[in-house]
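Visitor: Mind looking at a prediction? Sequence and model below.
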There are 4 protein chains.
Amino acid sequence: MNKSLKLSLACLAFLTVGQAFSQQKDIKLPPEATEFWEPVVRQITPGEQNHMAPSDAIVIFDGTSLDGFVSAKDGSSPAPWKLENGVMTVTPRTGDVQTKEKFGDMQLHIEWSAPTEIKGEGQGRGNSGIFLMSHYEVQVLDSYESRTYSNGQAASIYKQTPPLVNAMKKPGEWNTYDIYFTAPRFNADGMVVAPARVTVVHNGVLVQNNVEIKGPTEYIGIPNYKAHDNALPIKLQDHGDLVKFRNIWVRKL
Amino acid sequence: MNKSLKLSLACLAFLTVGQAFSQQKDIKLPPEATEFWEPVVRQITPGEQNHMAPSDAIVIFDGTSLDGFVSAKDGSSPAPWKLENGVMTVTPRTGDVQTKEKFGDMQLHIEWSAPTEIKGEGQGRGNSGIFLMSHYEVQVLDSYESRTYSNGQAASIYKQTPPLVNAMKKPGEWNTYDIYFTAPRFNADGMVVAPARVTVVHNGVLVQNNVEIKGPTEYIGIPNYKAHDNALPIKLQDHGDLVKFRNIWVRKL
Amino acid sequence: MNKSLKLSLACLAFLTVGQAFSQQKDIKLPPEATEFWEPVVRQITPGEQNHMAPSDAIVIFDGTSLDGFVSAKDGSSPAPWKLENGVMTVTPRTGDVQTKEKFGDMQLHIEWSAPTEIKGEGQGRGNSGIFLMSHYEVQVLDSYESRTYSNGQAASIYKQTPPLVNAMKKPGEWNTYDIYFTAPRFNADGMVVAPARVTVVHNGVLVQNNVEIKGPTEYIGIPNYKAHDNALPIKLQDHGDLVKFRNIWVRKL
Amino acid sequence: MNKSLKLSLACLAFLTVGQAFSQQKDIKLPPEATEFWEPVVRQITPGEQNHMAPSDAIVIFDGTSLDGFVSAKDGSSPAPWKLENGVMTVTPRTGDVQTKEKFGDMQLHIEWSAPTEIKGEGQGRGNSGIFLMSHYEVQVLDSYESRTYSNGQAASIYKQTPPLVNAMKKPGEWNTYDIYFTAPRFNADGMVVAPARVTVVHNGVLVQNNVEIKGPTEYIGIPNYKAHDNALPIKLQDHGDLVKFRNIWVRKL
């Protein structure tokens, strides 16, 4: 088009917009109009420090007993791991443990520490895992100055999504995970219509930001959702390494 | 339909499913097939404790100077608030302050404390606010055993979304906010095509879970998105109350 | 830092990345490894043309009877609107109508036409509305070359979100809406934990792309979610104008 | 706790809620307070029927010429496929074709037809594919009464997500895909921070509802995002079968 037409159109656009703006009425509202008193927000008491269980948390492990867990082999016999000095340690080759209680949408706080004696490389160093709903693994691994595949290092959604950054502490030091998890939803056909989602904060650093979980964690092959219950136990993995855990609590969302 | 037909159909369904299952091949893969070494995850050093700035954070306020802020009135003159004993306090009627640096997607850690002398009720007690990108307010208020409208209490997206629970500490005690924010995205027409989203953790408790922000915070009337820059300052509000702040750091995501 | 140090660091980075890349193993997999036979995808028969009901749809209105609807006044008496020539027309001042069946997550196809006789301006021209779950309105209005507020024109989420573009047909011509709706989810406290979401296609044009609905539609004041059932009727509005409807079907998702 | 205490607490809760409710002020607002005139919604003209290009669409293929495409081998030489009777047909072993224009967020309408001569089974029948941004494949396959793996049949996100239902038409009949696509977003580290998302409507039936794409489509192995440009060509696959295409148009969102 020629330039003068262009200018005319520009003017027209300006006028149209001007007109539109002029339609916006300048209403003087009372601010109360946008204040809502319901629903009433439930009061809780937070922990004195952020890693401590708030009043509405279910304490799974506070260092005094393994009663919050059972063996994952049969889902009922006592958890076969070691309890010492308020710390729970994987007992290699005794198998995974899982919570007695079942959870769907949840906030999970958990602390873990890699063995100080460094043996092996990559996946061989301080390997364990936290299986949300027994299916979806947030990786536990000694990734401190140790390279492995990105979607397999600590704080990855194992074999799916690497963490945004590597925020690991040294072997023997305590790492914290704060995990905000939304369970998947399935329709009548068994198709997943809302995949699981998770936010993971590792030692105070955001590493997974409302990330979609692609399906149940698979060591071999790709994940593929399969319909399951709305609430399932949390499982901790025995991967043969002396990984330690402490201070585990969960809030149902 | 009659019952025997129903049964036949059920059998048919069973057989069909059986057939389908049988098609799934049992492949023996090497596990390496699902291991990805790129992108390489960037290494950072987390704070010794979770509230401390990790190595990749931009420290806005560490108690030694107000240099990270300017007055929001003109965007350039020094921040007119009080600095004492490593703590920054609102100086009533001096106006809001804002960060020198601009941010879009971010992780923000900030601590605040309501005045110990309790004056007034509801919105009158320890009122301030954190405006992400200068537009989107996470409410700061003394909501400890004090009722106000749900979408206006501490940790609400102000006048939009109440927190899931009330996790307030007593006046004079320090509250922490850990905020994970995704900036809005606009198209060429100025329409919002991806609204802002935010996760807020209040004293270690999840209170906003990847919540969509409905538009810029409005005291009067409803929010309505308007296209803006990808990065803007964080603003802290002078609402006339002696709210204190400390330990403010931001990570660009 | 000085330039040679910079160079060295760049080299180091290059080497590190190079090393990382070299770790990626070149696995030869059988492609079957990523083929999943479950869940089995349910077979349906689509309509001969896209506006026609597929085999798994619930036909609400096909032009032969108003039996799919009842009066919304009492939820049980016959729908008081007019049926003529296969078309349903609002009978002003008889009140809204609603489906007998209740729906949550759904695909809804509906066609509507604004009156050819143009009376009034803005909201006064061919006004009606489709209330998903009886609460969430997709606006019906004659917005053809007629200006009103953006969040109130046809295909807006009424008083919430304007459509991305205005795809209206002339008064008397038939408009189609294809609506893909995900119902909101509430927790035990009555807080909304997953707001409703909707995609709207107007005359084949995307106008709402998986947009979050901010709460129940309010003519006056802002929306505020309140917990409700998982399935509720679809309501059509009597706004006093002679809006016509035809070809209404729904698929449960 | 004992029963009488329980009752007292219930009463207390009731009173508290009653009190809370009573705080909600009954404000009489003018409805104009929630009416927004900006942004102004851009006017377009939809197609006469929904499959026809609206006025703001870029027509890639209307049956008259292959000029909208080039060979994907070199990205510049003419598209080597056959044009006959307004229809474009894969010429086996000439390679993929791709659009000259590049797209990110988009609405894509495309029609395709499987060969009437049925040869082979499963993936062997009428195989082709639509690669959004050249990376993310919506599968094209003759899945009419032909079983293959669920995440490989027509309208699947290939090797990722099966469609919600199978809405295929018979070989030789025309299928429509209406695709609403949001491009992925990457951060400075090359990590994906917002994966691609897609809604697919197959013959008027919703089959993918704002589904997250897990990464670039891989025939062998699992998908893994890699940072790329904001806009890239759309690619159509030569899989050796005589699949036909017609009526292809795109709207930039």
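Guide: Yep, that arrived.
Visitor: what's the domain layout of chain A?
Guide: Chain A is divided into the following domains under automatic domain parsing: A:3-34, A:58-252.
Visitor: does any bit of the stretch of helix or strand A:Val207 belongs to sit next to chain C?
Guide: Secondary structure assignment for A:Val207, by DSSP states H and E: strand A:205-212. No: using Cβ under 8 Å from any Cβ of the partner chain, strand A:205-212 stays clear of chain C, coming no nearer than 12.2 Å. C-beta coordinates here come from the backbone N, C-alpha and C atoms, glycine included.
Visitor: Partner strands of the very next helix or strand once past that strand and their direction?
Guide: Remark: after strand A:205-212, the chain's next helix or strand is strand A:235-236, criterion DSSP H and E. Next to strand A:235-236 in the sheet, as set by DSSP bridges, lie strand A:97-99 (antiparallel), strand A:128-132 (antiparallel).
Visitor: Of those, which stretch is the most buried?
Guide: Of all the strands paired with strand A:235-236, strand A:97-99 has the most neighbours on average by mean count of other Cβ atoms under 10 Å in any protein chain shown, namely a mean of 24.
Visitor: picking that back up, can you pull out the residues in contact with the strand holding A:Val207?
Guide: With Cβ atoms under 8 Å, 6 or more residues apart in numbering or on different chains as the test, strand A:205-212 has contacts from A:155, A:157, A:161, A:163-165, A:167, A:195-201, B:44, B:46, B:54, B:107, B:180, B:182, B:197, B:199, B:210, B:251, B:253, D:193, D:195, D:212.
Visitor: swap the cut-off to 6 Å and go again
Guide: A:155, A:161, A:163-164, A:167, A:195, A:197-200, B:46, B:54, B:107, B:180, B:210, D:212 (Cβ atoms under 6 Å, 6 or more residues apart in numbering or on different chains).
Visitor: Find out how far stretch A:180-193 is from the centre of the chain, if you would.
Guide: How far stretch A:180-193 lies from its chain's middle: 17 Å, per Cα atoms, centre = their mean, to the nearest Å.
Visitor: tell me which residues in that stretch are buried?
Guide: A:180-186, A:191-193 (16 or more other Cβ atoms under 10 Å in any protein chain shown).
Visitor: can I get those residues in a markdown table with secondary structure, pLDDT and distance to A:Glu35?
Guide: Output for the buried residues of stretch A:180-193, formatted as a markdown table (DSSP: H, G, I helix; E, B strand; the rest coil; pLDDT from 0 to 100; distance: Cβ to Cβ, whole Å):
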| residue | secondary structure | pLDDT | distance to A:Glu35 |
| --- | --- | --- | --- |
| A:Tyr180 | strand | 98 | 28 |
| A:Phe181 | strand | 98 | 32 |
| A:Thr182 | strand | 98 | 29 |
| A:Ala183 | coil | 98 | 33 |
| A:Pro184 | coil | 98 | 36 |
| A:Arg185 | strand | 97 | 33 |
| A:Phe186 | strand | 97 | 38 |
| A:Met191 | coil | 96 | 41 |
| A:Val192 | strand | 97 | 39 |
| A:Val193 | strand | 96 | 35 |
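Visitor: In CSV, list those residues along with distance to D:Val87.
Guide: Converted to CSV, the buried residues of stretch A:180-193 look like this (distance: Cβ to Cβ, whole Å):
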residue, distance to D:Val87
A:Tyr180, 51
A:Phe181, 49
A:Thr182, 46
A:Ala183, 47
A:Pro184, 42
A:Arg185, 41
A:Phe186, 40
A:Met191, 33
A:Val192, 37
A:Val193, 36
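Visitor: what's the most distant pair in those residues?
Guide: A:Tyr180 and A:Met191 (24.9 Å; Cβ to Cβ).
Visitor: Give the burial count for A:Tyr219, as a bare number.
Guide: 10 (other Cβ atoms under 10 Å in any protein chain shown).
Visitor: pretty sure A:Asp189 is in contact with C:Ile44, am I right?
Guide: No: checked against Cβ atoms under 6 Å, the pair A:Asp189 and C:Ile44 is beyond contact range at 11.0 Å.
Visitor: Just name the closest of the buried residues of stretch A:180-193 to chain D, please.
Guide: Closest approach to chain D among these (Cβ to the nearest Cβ): A:Met191, at 5.6 Å.
Visitor: The closest one and B:Gly124, how far apart?
Guide: According to Cβ to Cβ, to the nearest Å, A:Met191 and B:Gly124 sit 52 Å apart.
Visitor: cool, A:Glu121 as well?
Guide: In terms of Cβ to Cβ, A:Glu121 sits 60 Å off from B:Gly124.
Visitor: Among the two, which residue is more densely surrounded?
Guide: B:Gly124 (16 against 11).
Visitor: ok, the closest residue to that one other than its chain neighbours - how many residues close by?
Guide: Counting by Cβ to Cβ, 6 or more residues apart in numbering or on different chains, B:Asp241 is the residue found nearest to B:Gly124 once chain neighbours are left out, at 8.0 Å. Residues within reach of B:Asp241, counting by other Cβ under 10 Å, total 22.
Visitor: name the element B:Asp241 belongs to?
Guide: Using DSSP H and E, B:Asp241 falls outside every helix and strand.
Visitor: Can you give me the pLDDT of it?
Guide: Note on B:Asp241: pLDDT of 96.
Visitor: thought it was touching B:Gly126?
Guide: Yes: applying Cβ under 6 Å, one finds B:Asp241 in contact with B:Gly126, separated by 5.2 Å.
Visitor: before we move on, back to that, and the domains of chain A, which one averages the lowest pLDDT?
Guide: domain A:3-34 - the lowest mean pLDDT of the domains of chain A, at a mean of 56.
Visitor: Relative to chain D, how far out is A:Asp74?
Guide: As judged by Cβ to the nearest Cβ, to the nearest Å, A:Asp74 and chain D stand 33 Å apart.
Visitor: Show me the one of the domains of chain A that comes nearest B:Glu101.
Guide: domain A:58-252 (18.4 Å).
Visitor: Run the chain-centre distance for that closest one.
Guide: Chain-centre distance of domain A:58-252: 9 Å, with Cα atoms, centre = their mean.
Visitor: which residues touch A:Glu35?
Guide: Contacts of A:Glu35 (Cβ under 6 Å, 6+ apart): B:149, B:152.
Visitor: swap the cut-off to 10 Å and go again
Guide: If you count contacts by Cβ atoms under 10 Å, 6 or more residues apart in numbering or on different chains, A:Glu35 has them with B:122-123, B:148-152, B:159, C:222, C:224, D:23-25, D:27.
Visitor: Please pick the buried ones from those.
Guide: Here, 16+ other Cβ under 10 Å leaves B:122-123, B:148-152, B:159, C:222, C:224, D:23 buried among the contacts of A:Glu35.
Visitor: Spatially central residue for chain A, please.
Guide: Nearest to the mean C-alpha position of chain A, by Cα atoms, centre = their mean, lies A:Ile179 at 3.2 Å.
Visitor: and the residue nearest to it when sequence neighbours are not counted, how many neighbours does it have?
Guide: Once flanking residues are discounted, A:Ile179 sits nearest to A:Leu108: 4.3 Å by Cβ to Cβ, 6+ apart. A count of nearby residues for A:Leu108, using other Cβ under 10 Å, gives 23.
Visitor: and A:Ile220, how far is that from chain B?
Guide: For A:Ile220, the distance to chain B equals 5 Å [Cβ to the nearest Cβ].
Visitor: My error: substitute A:Glu48 in the last question.
Guide: For A:Glu48, the distance to chain B - Cβ to the nearest Cβ - is 9 Å.
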